[in-house]
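**Q** Let's see this in three dimensions:
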Amino acid sequence: MANVRNLKKDINYVLGDIIEAVYVWEYANTDKDTKKSEAIIDEAIETFDILIAKVNAKDIENPKAHFKAINAELEEKGRALIEKINKLG
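**A** Prediction:
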């Protein structure tokens with residue numbers, strides 16, 4: 001099932017890029033407190049765990065709708081995390 005594999009890759013790439021962006025921000029802003037940025041990383045990891053668990057769920061009735069909902073949730077959570085990165089000051 002290539003669709004599941006691609007969805008897992010998307011989840012990994014999106015959240016990995018977000019974590020990398022936080023690390024870049026921390027590196028560029030060594031004089032600022034990192035509590036908020038570390039919270040963003042923790043939230044990204046938690047989101048990853050939740051979405052992968054949903055992808056691996058076996059007891060789904062409509063796979064197409066299930067995976068489409070996961071993709072939409074990834075986009076929503078990704079945008080929210082990016083907004084939080086942009087608000088780091």
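
**Q** where does Leu74 sit relative to Glu26, distance-wise?
**A** Look at Leu74 and Glu26: by CB to CB, to the nearest Å, they are 24 Å apart. The way it works is simple: take the backbone N, C-alpha and C, and place the C-beta from them, glycine included.

**Q** and the two? which has more neighbours close in?
**A** For Leu74 and Glu26, the more surrounded residue by other CB atoms under 10 Å is Leu74, and the numbers stand at 20 against 15.

**Q** Might you calculate how far the one helix or strand that one maps to sits from the centre of the chain?
**A** Leu74 belongs to helix 63-87 when assigned by DSSP states H and E. Relative to the chain's own centre, helix 63-87 is displaced by 7 Å; criterion: CA atoms, centre = their mean, to the nearest Å.

**Q** How many neighbouring residues does Leu63 have?
**A** Actually, residue 63 is Pro. It isn't Leu. Pro63 has 12 neighbours, counted by other CB under 10 Å.

**Q** in which helix or strand would I find the most far-flung residue of the chain relative to its centre?
**A** Relative to the C-alpha centroid of the chain, counting by CA atoms, centre = their mean, Asp31 is the outermost residue, at 26.3 Å. Secondary structure assigned from DSSP H and E places Asp31 in neither a helix nor a strand.
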